[in-house]
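1. Predicted model, plus sequence, below.
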Amino acid sequence: MKVTIVGAGNVGATCADVISYRGIASEVVLVDIKEGFAEGKAMDIMQCATTTVFNTQLSGTTGDYSKTAGSDVVVITSGIPRKPGMTREELIGINAGIVKSVADNVLTHSPNAIIVVVSNPMDTMTYLTLKATGLPKNRVIGMGGALDSSRFKYFLSKALDKPANDVQGMVIGGHGDTTMIPLTRLASYNGAPISNFLSQEVLDKVAADTMVGGATLTGLLGTSAWYAPGASVAYLVDSILNNQKRMIPCSVLLEGEYGQQDICMGVPCIIGKNGIEQIVDVALNEVEKAAFAKSADAVRAMNADLKSVL
């Protein structure tokens, strides 16, 4: 199985690293526009093969998309990262042109690939990729919910003072600081409702911390985070390549689901060898429905800025 990752920056390189040492794919190709950058990252990771014991073949290229031919999954991380004080929404003008060009190039050499979009603003870039390529909706997946949900479970585990792997929870809606919706009502600790252990006040704080989780890290690091985003991409790619059929919140084209039309937003999906294999209908209460509709309005407003690109 072959994976191409376009963008060899922190997120792309971390994703390649995780895919390699976990043996998720047999071949990974890193692509970047900066001369020698992808080649260097690939060489550095490959020199870990004997110490972390993996057999994945990893290579890098400076813009030569012919080397990506026959990819089963293509991950698009390219674009500029967020700077302190910058919202994901502000990235749209710059990153839209980059993502469209990348999608065209990779499909020329891998026409059957499933595309995973990471570039921000992610929901809008997913919508752009879908409309610009004409691919069926199952083959264009926005990776945001997996990351947001992992942050949600982290903050829940900290509040509980229990292992994060014993906590279940998901985040739906837009992948933005004001548009994501941590579903505290449905979160659980080893099958028991999280509300049995945490007060509503604490849950509200967990939700608030989750929503600004990316911005918090940007403020601390001076740039976007990369370990959790890269690992979240690898987690999603693993479910595709190995047909694991995990339920992962992903940005997908909605055609009536959750009361929305012609928009890509985060909802729980079954992810397998065909990409999006099912959109899971979770019964939301009235408050959650209202929050989802408000989130959709914000995402749709950003999509309106794509007219000059599509």
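-> Received it, and whenever you're ready, just let me know what you need. Numbers count the residues shown, from 1 in each chain.
2. can you list contacts of stretch 40-51?
-> In this structure, residues lying in contact with stretch 40-51 by CB atoms under 8 Å, 6 or more residues apart in numbering are 8, 12-13, 16-17, 20-21, 28, 30, 32, 54-55, 58-60. Where C-beta positions appear, they are placed from N, C-alpha and C, glycine not excepted.
3. Can you tell me which of the residues you listed are buried?
-> Among these, the ones that count as buried by 16 or more other CB atoms under 10 Å are 8, 12-13, 16-17, 20-21, 28, 30, 32, 54, 58, 60.
4. farthest-separated two in those residues?
-> Greatest spatial distance among these (CB to CB): 32 and 54, at 21.7 Å.
5. re earlier: between the contacts of stretch 40-51, which is closest to residue 76?
-> residue 12 (9.1 Å).
6. helix, strand or coil for that closest one?
-> helix (DSSP: H, G, I helix; E, B strand; the rest coil).
7. How many neighbouring residues does the residue nearest to it when sequence neighbours are not counted have?
-> Closest residue in space to residue 12, ignoring its immediate chain neighbours: residue 77 at 4.2 Å, by CB to CB, 6 or more residues apart in numbering. Per other CB atoms under 10 Å, the neighbour tally for residue 77 reads 32.
8. From residue 234, how far out is residue 77?
-> From residue 77 across to residue 234, the span is 12 Å (CB to CB, to the nearest Å).
9. least trustworthy helix or strand in the protein by mean pLDDT?
-> The helix or strand with the lowest mean pLDDT-type score in the chain, counting by mean pLDDT, DSSP states H and E, is helix 92-109 (a mean of 87).
10. ok, residues contacting that one?
-> With contact meaning CB under 8 Å, 6+ apart, helix 92-109 is reached by 4, 6, 65-66, 68-71, 74, 76, 78-80, 113, 115, 117, 119-121, 124-125, 128-129, 132-133, 135, 302, 305-306, 309.
11. and the gap between residue 193 and residue 168?
-> Counting by CB to CB, the gap from residue 193 to residue 168 is 10 Å.
12. out of these two, which sits in the more crowded spot?
-> Neighbour comparison, residue 193 and residue 168: the larger count goes to residue 168, with 16 against 12 (by other CB under 10 Å).
13. ok, and the closest non-adjacent residue to the more buried one?
-> residue 188 (4.8 Å).
14. where does that neighbour land on pLDDT?
-> With respect to pLDDT, residue 188 scores 98.
15. ok, which stretches of the chain are helices?
-> Under the criterion DSSP state H, the chain contains helices at 10-21, 37-46, 49-52, 92-109, 122-133, 145-160, 200-211, 213-221, 227-241, 286-303.
16. out of these, nearest to residue 261?
-> Across the helices of the chain, closest to residue 261 is helix 286-303 (CB to CB), at 9.5 Å.
17. what is the mean pLDDT for that closest one?
-> 95.
18. Name the residues of stretch 281-296 that are buried.
-> For stretch 281-296, burial by neighbour count (16+ other CB under 10 Å) applies to 284, 288, 291, 292, 295, 296.
19. Quick check: closest non-adjacent residue to the most far-flung residue of the chain relative to its centre.
-> Farthest-out residue of the chain from its mean C-alpha position, per CA atoms, centre = their mean: residue 196, at 30.6 Å. Leaving aside its sequence neighbours, residue 196 sits nearest to residue 189 (CB to CB, 6+ apart; 7.6 Å).
20. check contacts around that neighbour.
-> 156, 160, 162, 166, 167, 168, 196, 197.
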